[in-house]
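**Student:** coords please:
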Amino acid sequence: MGQKVIRFSDLTGKHAEDGAELVRIVVREHPDLVDGPVEIEALAEELSAVEELALDLVTFELHHPDAEEPQTVVMEAATFDRLASAGPMAEVLRGAKRVTRSVPAQAQPAPSSKDRINYASLEHAGKPHKGRTTDAEKQLVQQHLDEINEQLAAHGIRTVDLGNPDHVTRYGLEALARERGATLG
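**Tutor:** Modelled structure (predicted):
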């Protein structure tokens, strides 16, 4: 007795006929996402206009002096550019102070979290854990991958593998994996 696998688009419910290409979509952020990124599939033909519909967005953080955590804001680039009234935003950004390689402010543990492990620190970034991977942890892993992997290996903990699709997705390492020629498997 044989089995037949029927694949379909998560977006439209249309069946993928023989030879139809299904595209894997990883949704990293969405207002309805609660527990981190999810994976769905869609027919390639359903996604033909995606690039035309894509927006130029800016993601930035507001670090208010009286707030424990920074506020992350995403807006259209044109709207963000209009905030610069002293000159073009491109000039403002070119003349801006570079963010240092030190641990971001949001990676500092809150005073009330003494018993919790801060995965957004060089000491713990990249370690396996349940729950959401914060942007601060992702940034540390992206910027210090080799150093973090050496530390993980020294402690007998699995390293962050650029060939592992789950690791690449969890820490936003797609560009680094391509740059280093890693084969996802």
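
**Student:** in this structure, which helix or strand is least confident?
**Tutor:** Taking mean pLDDT, DSSP states H and E as the measure, the chain has helix 50-53 as its least confident helix or strand, at a mean of 84.

**Student:** buried ones in that one?
**Tutor:** Taking 16 or more other CB atoms under 10 Å as the neighbour-count basis, helix 50-53 is seen to contain no buried residue. The C-beta positions use only the backbone N, C-alpha and C, and glycine is treated the same way.

**Student:** following that helix, which helix or strand comes up?
**Tutor:** Secondary structure here is assigned by DSSP states H and E; on that basis, the next helix or strand after helix 50-53 toward the C-terminus is strand 57-62.

**Student:** list the helices and strands that next one packs on?
**Tutor:** Contacting strand 57-62 under the criterion 3 or more CB pairs under 8 Å, 6 or more residues apart in numbering; DSSP states H and E are the following elements: strand 71-76, helix 77-81.

**Student:** how about the ones you listed in JSON lines, adding mean neighbour count, distance to Ala125 and mean pLDDT?
**Tutor:** Written out in JSON lines, the entries for the helices and strands packed on strand 57-62 read as follows (neighbours: other CB atoms under 10 Å; distance: least, CB to CB, whole Å; pLDDT from 0 to 100):
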{"stretch": "strand 71-76", "mean neighbour count": "12", "distance to Ala125": "18", "mean pLDDT": "88"}
{"stretch": "helix 77-81", "mean neighbour count": "13", "distance to Ala125": "29", "mean pLDDT": "92"}
